[in-house]
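Undergrad: Sequence first, predicted model second:
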Amino acid sequence: MFNNIEDRNKRGDEEAVCGGTTESFDPSAKREIVSDDVTYFAVESRYSSDPDDIAFISAFAAPAGNGCFVHSATSDGLWLEEIKTGFALIKDDVMKELASFARRHSLAAENGRHTFTHGLPENFGGSIDIRYASGEYISISDNTAPVITGEAGAELAALFADYCGREQVELPDPEDIRSVVFYERRKDGGYTEARLELSADGTGKNIKDSKYESGSVYHSEKEVDAATVSSIKKIIKESALFARALLPVKKYAGLSEKTLTFGFSDGSVLTVPSDSINPGGLPDGFFEIELEMTVKH
């Protein structure tokens, strides 16, 4: 139920026709959810006209350590001229409150329905992806029409604006980083390890070793200027990368295992796996730092 929408909606070898619509429906999807234990909440909906004061809402929440990570994006403009975003790792557990929201607005009423119209320049609808500890779920998508009412969208925007203002869990300060280690272990037996050691003057050195299927190991050492180091710290802040260390991981296995491990001035370390969930709308800070350490340097 969590595959790419286009792949999910193709039937057999039928080719997608521009302007044509493909649909799928899961008859086993429940229309009434019993559980209150939400483990993943992602709802996005766009509106053809402003419902009160909102034209777009995207809301994400998941348990993270002893708190919850929340992220939202909203727009009042019909064509999404300006999107306001916010995220926070908060101490409060808001997942049961979101389970209540889903029940109150009957989000499971069309559970299992997925509609995709080909050829549209952008998504004019939205999606619902809510998962419960019981194994129950709500999975809906439609790229032509809203998936929740305007009233529900406005309420969701208000809820997440409140969440983002609550007391936050303290995370390490990127300014205290002294080292960054990227490690990739590939299924063919190869690996890449890149270690960025930071200096007191704000510069650094990137030391990289890569082993490939042939058995050859390649070594390189390159200086990293202060502007690049500053850019990496900015990426961490803007992508909430340290919070991702506490988020659930994806269930599917990739071609390799990747981690970023940060060492700090107090001797502590924090490891972020690449397969931790990255909320839609946030930059993929993991990939940006991987690119900087393995390709650019």
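TA: Good, I have the coordinates. Source: prediction; values computed, not measured. Numbering: from 1, shown residues only.

Undergrad: residues contacting Leu246?
TA: Listed by CB atoms under 8 Å, 6 or more residues apart in numbering, the contact set of Leu246 reads Ala64, Gly65, Phe69, Leu89. Every residue, glycine included, has its C-beta placed from N, CA and C.

Undergrad: need the contact list for the residue nearest to Leu198 when sequence neighbours are not counted.
TA: Of all residues not flanking Leu198 in the chain, Gly204 sits nearest, at 4.5 Å (CB to CB, 6 or more residues apart in numbering). When contacts are counted by CB under 8 Å, 6+ apart, Gly204 touches Leu196, Glu197, Leu198, Glu223, Val224, Thr228, Val229.

Undergrad: and if you look at Glu82?
TA: Ser75, Asp76.

Undergrad: Same question for Ser58.
TA: Listed by CB under 8 Å, 6+ apart, the contact set of Ser58 reads Val43, Glu44, Ser72, Ala73, Thr74, Gly280, Gly281.

Undergrad: From the contacts of Leu246, list the buried ones, please.
TA: Ala64, Phe69, Leu89 (16 or more other CB atoms under 10 Å).

Undergrad: For burial, what's the neighbour tally of Ser256?
TA: Residues contacting Ser256 under the criterion other CB atoms under 10 Å number 15.

Undergrad: ignore the last one, Leu282
TA: Neighbourhood size, Leu282 [other CB under 10 Å]: 18.

Undergrad: measure it to Pro63 for me?
TA: Distance check for Leu282 against Pro63: by CB to CB, to the nearest Å, it reads 17 Å.

Undergrad: do Thr39 as well
TA: Counting by CB to CB - Thr39 and Pro63 are separated by 7 Å.

Undergrad: Mutual contacts of these two, please.
TA: Shared contacts of Thr39 and Pro63 (CB under 8 Å, 6+ apart): Met95, Pro248.

Undergrad: So which of these two has more stuff around it?
TA: Pro63 (20 against 16).

Undergrad: before we move on, which element is that one in?
TA: strand 56-64 (DSSP states H and E).

Undergrad: Tell me which strands that strand pairs with, and in which orientation.
TA: Counting by DSSP bridges, the strands paired with strand 56-64 are strand 38-46 (antiparallel), strand 67-75 (antiparallel).

Undergrad: Distance from that strand to the middle of the chain?
TA: Taking CA atoms, centre = their mean, to the nearest Å, the mean C-alpha location of strand 56-64 is offset from the chain mean by 9 Å.

Undergrad: now do stretch 112-123
TA: 21 Å.

Undergrad: and the end-to-end length of it?
TA: Using CA to CA, to the nearest Å, the end-to-end distance of stretch 112-123 comes out at 19 Å.

Undergrad: if I pick Arg166, what's in contact with it?
TA: Going by CB under 8 Å, 6+ apart, Arg166 touches Ala88, Ile90, Lys91, Asp92.

Undergrad: What are the boundaries of the helices in the stretch 151-297 of the chain?
TA: 226-239, 241-244, 285-291 (DSSP state H, counting those that start in this stretch).

Undergrad: which strands and helices sit next to the longest one?
TA: In this case it means helix 226-239. strand 177-186, helix 285-291 (3 or more CB pairs under 8 Å, 6 or more residues apart in numbering; DSSP states H and E).

Undergrad: Repeat the analysis, applying 7 Å as the threshold.
TA: helix 285-291 (3 or more CB pairs under 7 Å, 6 or more residues apart in numbering; DSSP states H and E).

Undergrad: List the buried residues of the helix it packs on.
TA: For helix 285-291, by 16+ other CB under 10 Å, it's Gly285, Phe286, Glu288, Ile289, Glu290.
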